[in-house]
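# Show me the folded form of this:
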Amino acid sequence: MNERRRISITTRITLFTGVVAALLCALMATVLMVAIHRFATASLTEEIVADGGRIAIQVERGRVDYPLARRQSRRLQIVDTKGQVIASTQILQGKPPMATFTPGDKSLATSIVCGGVFPAHECNIVAAQRAHRPDGEWIVYSASPVIPWWIDPRLAAVVGGAALLSAAAVTYLGRRISAASLRPVNAIRAELDEINATSLGRRVPVPPSDDEIHDLAVSVNHTLGRLQAAVEQQRQFASDASHDLRSPIAAMRAEVEDALLAPRETSVTKLGHTILGSLERLQAIVQDLLIIARLDAGSPGAREPIDLAELATAECQTRHHMRKRCECPLKPGVVVIGDRLRLGRLLTNLLDNAERHADSMITITVRRAPGDGQRFPHGMAVLEVVDDGQGIDPDKRELVFQRFARLDAARNRDAGGTGLGLPIARQIAETSGGSLQIEDSPRGARFVLRLPLRAPDPVSAPALQPDGADGSR
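Numbering: from 1, shown residues only. The predicted structure follows:
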């Protein structure tokens, strides 16, 4: 298959501009020549009529001045009532009348006559006028060759040359303008060609003009910024994941090597129990990585009504083995739309984190709150998980939501944590249309989840009021 011939945009614009300019200039030149031709023809007709009228007046007075024509190109004939030519210009002497039409009821008639007494392939504008004589009506014919369409060779050359120059000038300007307009695009393309994985911090030049190319450059730089952030995040994620995966693998390798060096000092059961902890950590990391991969891929979750209070109560009831006390005096009725499995995982991660850092007690609350009209048009459901631990410093509250990021206190309390629980919780909250933040608390850490409430039934739903407005919670 032959490759398509590459034609640049500048060349295409230039060709288009040239063709359009040539057509328009040719049309303008044609219209101009037609207008001049009509004007010249009308002027010539008036002159012919004037010459014929002058002779007709002389015929009526009975005295004709010779020569009849004052111009060499003018042709005149005087015809009596019998159709005989009484007088004519020299070129028509001895010839019959130049035309057969008469003015009729009018005093003047004009027509185009070709051939006859005139040279072959020549047409003349002929005017016929009446002259009143005692013996009847005589006819005075006056004629002159028609004006050709080019009128005058010099005029045609001037108009044609002006049309060509205009078309050439418009084509040249079109090429200059298109080249100047696309110059920033070429600069953007050249800069994009230079940007690779090792120079993601570079940006394309933004032209000073406020036009579409300026907007294109801004959008490209914005996309490059997001690409750079995504690549850096992936690099950091791969580095952190490999580091966290390497620790349990190294621990298992050390245990196996020790067992191989001293097989009599260990047993399969003892070795299995020792390796099992590292395997559980590996399993937790891999499971969290799969969840993050699905969330990053944007895979849609289920859309079903979920009572947030019932979900939190069910999660609390499954944690009867917790060493910390969990208080969750919740009332049902706070309904959101989302994926039950994902929201359950979010709550599990929050409770796991609270259990690791609480001193003795964890408190879960669920309530309604008014919305902002845009993000939460029907109000919002607020779930809070509060522990009585040491809390998190305000300047480190966003750090805990970064992948594989664990504070020193978290590392000391839980060496087996993956560092992915809270990032997964926030990502689930955001994909569900809500938010997850750490807010101020008298003691410990206070995680606040906000989700949009389900749209109320337009028939039976009561007006939304925040919990606690009537003294209840």
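
# how about the helices of the protein, start to end?
9-61, 153-194, 212-261, 268-297, 308-317, 340-357, 408-413, 421-431 (DSSP state H).

# Please compute how far the longest one lies from its chain's middle.
What that stands for is helix 9-61. 47 Å (C-alpha atoms, centre = their mean, to the nearest Å).

# Then the third one?
Centroid separation between helix 212-261 and its chain, computed with C-alpha atoms, centre = their mean, is 33 Å.

# mean confidence score for that helix?
Averaged across helix 212-261, pLDDT comes to 80.

# What of the longest one?
This predicted structure assigns helix 9-61 an average pLDDT of 94.

# Output the contacting helices and strands for that helix.
Helices and strands touching helix 9-61, by 3 or more C-beta pairs under 8 Å, 6 or more residues apart in numbering; DSSP states H and E, are strand 75-79, strand 108-114, strand 123-133, strand 136-145, helix 153-194. No exception for glycine: its C-beta is placed from N, CA and C like everyone else's.

# Of the helices of the chain, which is nearest Lys82?
helix 9-61 (14.8 Å; C-beta to C-beta).

# returning to that earlier point: tell me which of the helices and strands packed on helix 9-61 sits most buried.
Highest mean neighbour count of those: strand 75-79, a mean of 24 (counted as mean count of other C-beta atoms under 10 Å).

# which neighbours does that strand have in its sheet, and in what orientation?
In the sheet containing strand 75-79, its partner strands are strand 85-88 (antiparallel), strand 136-145 (antiparallel), by DSSP bridges.

# will you turn the ones you listed into JSON lines that also has distance to Leu436?
Compiled in JSON lines, these are given as follows (distance: least, C-beta to C-beta, whole Å):
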{"stretch": "strand 85-88", "distance to Leu436": "112"}
{"stretch": "strand 136-145", "distance to Leu436": "97"}
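
# is it possible to export the ones you listed to a markdown table including distance to Ser247 and mean pLDDT?
Formatted as a markdown table, the strands paired with strand 75-79 follow (distance: least, C-beta to C-beta, whole Å; pLDDT from 0 to 100):
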| stretch | distance to Ser247 | mean pLDDT |
| --- | --- | --- |
| strand 85-88 | 125 | 92 |
| strand 136-145 | 109 | 93 |
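
# domain assignment for this structure?
10-153, 195-299, 304-452 (automatic domain parsing).

# Need the winner for burial among those domains.
Mean neighbour counts for those (mean count of other C-beta under 10 Å) peak at domain 304-452, with a mean of 18.

# coming back round to it: out of the helices and strands packed on helix 9-61, flag the one nearest Pro442.
It is, among the helices and strands packed on helix 9-61 and with distance given as C-beta to C-beta, helix 153-194, at 53.5 Å.

# sorry, back to before: could you work out which of the strands paired with strand 75-79 reaches nearest to Ile9?
Short answer: strand 136-145, nearest of the strands paired with strand 75-79 by C-beta to C-beta, at 52.9 Å.

# Contacts for the closest one, please.
When contacts are defined by C-beta atoms under 8 Å, 6 or more residues apart in numbering, strand 136-145 is touched by residues 44, 47-49, 51-52, 55-56, 59, 71, 73-81, 86, 97-99, 102-103, 113, 118, 122-132.

# List the residues that contact Val64.
With C-beta under 8 Å, 6+ apart, Val64 has these contacts: 55, 58, 78, 87.

# and the last one, what does it touch?
Looking back up the chat, that one is Ala87. Applying C-beta under 8 Å, 6+ apart, the residues near Ala87 are 64, 66, 68, 76-78.

# repeat for the second one
If a contact means C-beta under 8 Å, 6+ apart, then Gln58 has 64-65 as its contacts.

# on that earlier part again, in CSV, list the domains of the chain along with distance to Leu173.
Shown next, in CSV, are these (distance: least, C-beta to C-beta, whole Å):
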stretch, distance to Leu173
domain 10-153, 8
domain 195-299, 18
domain 304-452, 49
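
# closest to Arg175 out of those?
Comparing the domains of the chain by C-beta to C-beta, domain 10-153 comes nearest, at 4.3 Å.

# Show me the one of the helices and strands packed on helix 9-61 that comes nearest Gly391.
Here helix 153-194 is closest among the helices and strands packed on helix 9-61 (C-beta to C-beta), at 47.2 Å.

# Measure how far the closest one is from the centre of its chain, please.
26 Å.

# returning to what we had before: can I get the contacts of Ala87 in CSV including distance to Thr266?
Formatted as CSV, these follow (distance: C-beta to C-beta, whole Å):
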residue, distance to Thr266
Val64, 149
Tyr66, 148
Leu68, 143
Leu76, 139
Gln77, 141
Ile78, 145
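
# TSV for the helices and strands packed on helix 9-61, including distance to Ala22?
Formatted as TSV, those follow (distance: least, C-beta to C-beta, whole Å):
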stretch	distance to Ala22
strand 75-79	41
strand 108-114	33
strand 123-133	32
strand 136-145	33
helix 153-194	5
